[in-house]
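Undergrad: make a model of this:
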Amino acid sequence: MRLGAGSDSAHSAHSAHSARTRFGFGFGFGLGAGCGPRRVAAPLSRPAIEGFLIRLLPPYNRNEESHEHSFVRIPLVRPHNPAHVMGDVLTLELEQKALATREALQAAVQQYGKVVYSNSLGVEAMVLTDIIWSHVPEIDIFSIDTGRLHEETYELLEKLERRYKKRIRLVYPDSESLAKLVDKQGVNAFFHSLDARLACCHVRKVEPFKRAIQGYGAWVTGVRRQQSATRALGMPVEWDAPNGLYKLSPLLDWSEEQVWQYVKARKIPYNVLHDRAFPSIGCSPCTRAIQPGEDQRAGRWWWENADTRECGLQPRVRHAVGQT
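TA: Numbering: from 1, shown residues only. Have a look, this model is predicted:
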């Protein structure tokens, strides 16, 4: 039915009558006794009381001249996103944290020579991109285009390049290896087997990554302790034995709120999927929105056990310091 229609409709009346007869209530735009359709529900404007008022009606009775009405509020539930609540000003604590991150990156260039940042294009990546391109341009930046990214990710890439007037080097999977993979296991085999998923990640992400870091003394990542139990055991600087260079995690001790506060204060563009409850964004088929209370990486390869949810660039299992 049309909301706010000005004339009676047999179909609309029948629908409203059926709803009230079966369920004992009508929505705010339902038919009252003896009158045409009218709209009585309206969205509330203040965020603190955001929602819709729904009028509850008793069962329909044509002989009844009056009805007792009551109202209930149906809230609009939005997933928590710190981007909606953080202020636009950097606190002294965060300014100091950003300065420490900048100095750590500058020291890394002095110590390791050639340093490269593997840009995930997530919200943490916006912080590192801003710091590197604004203060430590000696660090190279690349990002991996797996061929199955969200369209919103490509849109973000363009916004970043327009803002900073720099180009992020894109690295792609080897076309021959990718063709063999798809020919062997199909397009979406990763949904059905961990081995198939890891094979896909290896061809689309790990192998291009290994090519991109060749010749560098250290690579930068944006992982944070809060993201998962495995990442909580990480170190700011550690030897990445499988890849033969040092790995730097300058945002390891940043909180999610601090990341968003920096992004908002600096007015840095970010992936709009973060506003749709995507705290972690990867390939389109392998990423979903999370529910309130879920782990931040619950939307990555959500059909798998939480212990396996890494692509191979970060370790899936870590031992605490002192354990073997």
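
Undergrad: pLDDT value on the residue lying closest to residue 283 once chain neighbours are set aside, please?
TA: Leaving aside its chain neighbours, residue 283 sits nearest to residue 148 (4.3 Å; criterion: CB to CB, 6 or more residues apart in numbering). Every C-beta, even on glycine, is put in place using the N, C-alpha and C of the backbone. Looking at residue 148, its pLDDT stands at 95.

Undergrad: remind me which residues of the chain are low pLDDT?
TA: 1-88, 227-228, 231, 303, 305-324 (pLDDT under 70).

Undergrad: what's the first helix or strand after the helix ranked longest in it?
TA: Counting residues, the longest helix in the chain under DSSP state H turns out to be helix 92-112. Helices and strands here follow DSSP states H and E; after helix 92-112, the next one along the chain is strand 115-118.

Undergrad: name the residues that touch the following helix or strand past that following strand?
TA: Beyond strand 115-118 in the direction of the C-terminus, DSSP H and E gives the next helix or strand as helix 123-135. Contacts to helix 123-135, defined as CB atoms under 8 Å, 6 or more residues apart in numbering, come from residues 98, 101-102, 105-106, 117, 119, 139, 141, 160, 164, 166, 220, 222-224, 250-251, 254, 259-260, 262-263, 266, 268-271, 274, 279.

Undergrad: swap the cut-off to 7 Å and go again
TA: Applying CB atoms under 7 Å, 6 or more residues apart in numbering, the contact partners of helix 123-135 are 98, 101-102, 105, 117, 119, 139, 141, 160, 164, 166, 220, 222, 224, 251, 259-260, 262-263, 266, 268, 270, 274.

Undergrad: buried residues of the longest helix of the chain, list them for me.
TA: 94, 97-98, 101-102, 104-106, 108-109, 112 (16 or more other CB atoms under 10 Å).

Undergrad: now the angle from it to helix 123-135?
TA: Taking axes from the mean of the first three to the mean of the last three CA atoms, to 10 degrees, one finds that helix 92-112 is oriented at 70 degrees with respect to helix 123-135.

Undergrad: send the alpha carbons of helix 92-112 over as PDB?
TA: Extracted in PDB, the C-alpha atoms of helix 92-112 (Å, rounded to 0.1, in the frame of the first residue of the first chain):
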ATOM      1  CA  LEU A  92      47.100  15.600  24.000                       C
ATOM      2  CA  GLU A  93      47.500  11.800  24.700                       C
ATOM      3  CA  LEU A  94      46.600  11.000  21.100                       C
ATOM      4  CA  GLU A  95      48.900  13.700  19.700                       C
ATOM      5  CA  GLN A  96      51.800  12.100  21.700                       C
ATOM      6  CA  LYS A  97      50.800   8.700  20.500                       C
ATOM      7  CA  ALA A  98      50.800   9.800  16.900                       C
ATOM      8  CA  LEU A  99      54.200  11.500  17.400                       C
ATOM      9  CA  ALA A 100      55.600   8.300  18.900                       C
ATOM     10  CA  THR A 101      54.300   6.300  15.900                       C
ATOM     11  CA  ARG A 102      55.900   8.800  13.500                       C
ATOM     12  CA  GLU A 103      59.300   8.700  15.300                       C
ATOM     13  CA  ALA A 104      59.200   4.900  15.400                       C
ATOM     14  CA  LEU A 105      58.700   4.800  11.600                       C
ATOM     15  CA  GLN A 106      61.500   7.400  11.100                       C
ATOM     16  CA  ALA A 107      63.800   5.300  13.300                       C
ATOM     17  CA  ALA A 108      62.900   2.200  11.300                       C
ATOM     18  CA  VAL A 109      64.100   3.900   8.100                       C
ATOM     19  CA  GLN A 110      67.300   4.800   9.700                       C
ATOM     20  CA  GLN A 111      67.800   1.300  11.100                       C
ATOM     21  CA  TYR A 112      66.500  -1.000   8.300                       C
END
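
Undergrad: quick one: the strands in the chain?
TA: Secondary structure of the chain (DSSP state E): strands located at 51-56, 70-75, 115-118, 140-144, 169-171, 218-220, 237-240, 245-248.

Undergrad: returning to that earlier point: wait, the residue nearest to residue 283 sits on residue 205?
TA: No - in this structure, residue 148 is not within contact of residue 205 by CB atoms under 7 Å, at 10.4 Å.
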